[in-house]
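In: Kindly return the folded structure for what I paste below:
(chains A, B, C and D)
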There are 2 protein chains.
Amino acid sequence: MNQALFQALADPTRREILRILRAGSRSAGEIAENFSISKASLSHHFGLLKRAQLVRTERRGQHIVYSLDTTVMQDAAAILFELLDPAGVAGQEKKS
Amino acid sequence: MNQALFQALADPTRREILRILRAGSRSAGEIAENFSISKASLSHHFGLLKRAQLVRTERRGQHIVYSLDTTVMQDAAAILFELLDPAGVAGQEKKS
DNA sequence: CTTGTATTTAGATAATTTTCTAAATATCTT
DNA sequence: AAGATATTTAGAAAATTATCTAAATACAAG
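Out: This is a model prediction of the structure:
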């Protein structure tokens, strides 16, 4: 669950897709206009973003429209904060 | 810069290292006790964490002591929030 | 200055990930 | 139903990453 999330965020192309979607929903083709890799490769990236629940899809006629799912990203941000906040957790101290 | 950060966070072993360090500084050897992979492999992970500035090191005698550098993680959390907050950015709307 | 302990570096192999082309599926239009 | 457009799936090749063993470096203690 977390692994899918961090793995999805690890690739620059996928982060750029998220940035694009931040401005509003886009079809797969519209998103593809921003990249020079094949649509098949992009579709693979879409799959990973979807698996991580960072995006949602909706079919609209012959297009498939992608949009951000901010829920999981909020979780991600929370996880990072947690990761850096020893006080928030029952940590067995051993401060050097 | 961001790439190093997200890439560093993408691996479960490295995230576990961060979790361990959250409880306090540890030498490379102490950290290694928590894993079943070779110390050489761990050293490689340390290198990536360091490159991403997620950890700092300090030599103490023959040991090298690792500790969390929370600065960059705060940045990371901020980046995620930014990534999900269209209002915070000058986004050219095209809401479907 | 030699020996032992801790850690990193080098170089190789294995595993994973990204990308491609070709083919499949789904929908729309006529 | 047939052709056109949009997207995904399959399978293979290329690139990257994780891991290993062996050797190198750094320090500590005799």
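In: roughly how far apart are the residue lying closest to A:Ser43 once chain neighbours are set aside and DNA strand D?
Out: Nearest residue to A:Ser43, sequence neighbours excluded (C-beta to C-beta, 6 or more residues apart in numbering or on different chains): A:Ala28, at 6.8 Å. In short, each C-beta sits where N, CA and C put it, glycine included. For A:Ala28, the distance to DNA strand D (C-beta to the nearest atom of the strand, to the nearest Å) stands at 3 Å.
In: tell me which element the residue nearest to A:Leu9 when sequence neighbours are not counted is part of?
Out: Once flanking residues are discounted, A:Leu9 sits nearest to B:Phe6: 5.1 Å by C-beta to C-beta, 6+ apart. Per DSSP states H and E: B:Phe6 is located in helix B:2-9.
In: got the CA coordinates for the helix or strand following that helix in PDB?
Out: Downstream of helix B:2-9, the next assigned helix or strand under DSSP H and E is helix B:12-22. Taking Å, rounded to 0.1, in the frame of the first residue of the first chain, the C-alpha atoms of helix B:12-22 are listed here in PDB:
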ATOM      1  CA  PRO B  12      11.300  -0.200   1.700                       C
ATOM      2  CA  THR B  13      14.700  -0.900   3.200                       C
ATOM      3  CA  ARG B  14      15.600   2.800   3.100                       C
ATOM      4  CA  ARG B  15      12.300   3.800   4.600                       C
ATOM      5  CA  GLU B  16      12.900   1.300   7.400                       C
ATOM      6  CA  ILE B  17      16.300   2.800   8.000                       C
ATOM      7  CA  LEU B  18      14.700   6.200   8.400                       C
ATOM      8  CA  ARG B  19      12.200   4.700  10.800                       C
ATOM      9  CA  ILE B  20      15.000   3.300  12.900                       C
ATOM     10  CA  LEU B  21      16.800   6.600  13.000                       C
ATOM     11  CA  ARG B  22      13.700   8.300  14.100                       C
END
